Structures are given as structure tokens and as C-alpha cells.
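Student: This is a predicted model, with the sequence first.
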Amino acid sequence: MGKIKIQKLSDANLEIMNIVWDRGEVSINDVLEAVNLRRNDKLKRATIQVQMKRLEKYGWLKHRKVGREFYYSALRGQEEATKDILDNVRKKVFGGSRAELVKCLFADSNVTSEELERIMQYLEKYKRE
């Protein structure tokens, strides 16, 4: 059997994955309820079911069956997905430059001194490694 190609997450897929990461294990109804709490245009159960089956096919989710209900959990962590998304943005928007990506993040003048201190700690850590 060939290796499953991991697909990039669409905005809708990311919305579902955030719910799964937050809760650990979910049913389709759990996701439907959580998604529809934040929306004016309510989604149908079938829409969520199709998206979750695709996420499973693409290697993001796995499921277990209890009676007639399927319970889904993540195969890939949120940190791994975040790194993939930022790496994609870095390559597409900043020509691969980490420095330009960071420069853009600092262009917002609302960076707190606490955030700057944490960033400096991260930089020191990576510099030592």
C-alpha cells in the first residue's frame, strides 16, 4: 500500500481540525454543533460528514466506531499543521525568507514587551542549537 499524501488544510478543514485538537475526540454531531455556534449560515450534518471523511482520507483524522456512531481524533498535531501553514506562507509570500516573515510580524506596532521577551528567548535558544 502506498504512502498517503497529506493534503493542505482549507479554511473549512482547519475549522474542523481546531475543534478536534481542542476536544481530543469528537463525533460528527459534536463538530456540527461547535461549527454552527459560530455561524449565521448553519451547515448541515452531511456537509460536516463529507469534510471529516475527506480529512480522514487525507491523513488528518482517524476514527473508531461505537455502535452506529463514529468518533474522530487527530492523526497530526496542531503544532505540525501550524508549521506547515507558516512554511507555505513563508515560501509563497516572502520568497522563502524567514527574516522577511518575522519583519512582517513586527510591522504591527502592538507587540507587547512580554511578547518581545518571549521571542528573544526563542531566538537565543535557536542560536545555541
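Tutor: Right, received. Where do you want to start? Numbers count the residues shown, from 1 in each chain.

Student: for the helix or strand containing residue 120, what is the average pLDDT?
Tutor: Assigned by DSSP states H and E, residue 120 belongs to helix 113-128. Helix 113-128 shows a mean pLDDT of 90.

Student: just stretch 67-85 next, same as before
Tutor: 91.

Student: Just the C-alpha atoms of that stretch, please, in CSV.
Tutor: Output of stretch 67-85 as CSV, limited to C-alpha atoms (Å, rounded to 0.1, in the frame of the first residue of the first chain):
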residue,chain,number,x,y,z
GLY,A,67,-22.4,1.3,17.9
ARG,A,68,-23.6,3.4,15.0
GLU,A,69,-21.5,6.5,15.9
PHE,A,70,-18.1,7.3,14.6
TYR,A,71,-15.6,9.2,16.9
TYR,A,72,-12.8,11.0,15.3
SER,A,73,-9.4,12.1,16.6
ALA,A,74,-6.4,13.8,15.1
LEU,A,75,-3.5,11.9,13.4
ARG,A,76,-1.4,15.0,13.1
GLY,A,77,-0.9,17.6,15.9
GLN,A,78,-1.8,21.2,15.8
GLU,A,79,1.8,22.4,16.0
GLU,A,80,2.7,20.3,12.9
ALA,A,81,-0.1,21.8,11.0
THR,A,82,0.8,25.3,12.1
LYS,A,83,4.4,24.8,10.9
ASP,A,84,3.1,23.6,7.5
ILE,A,85,0.8,26.6,7.1
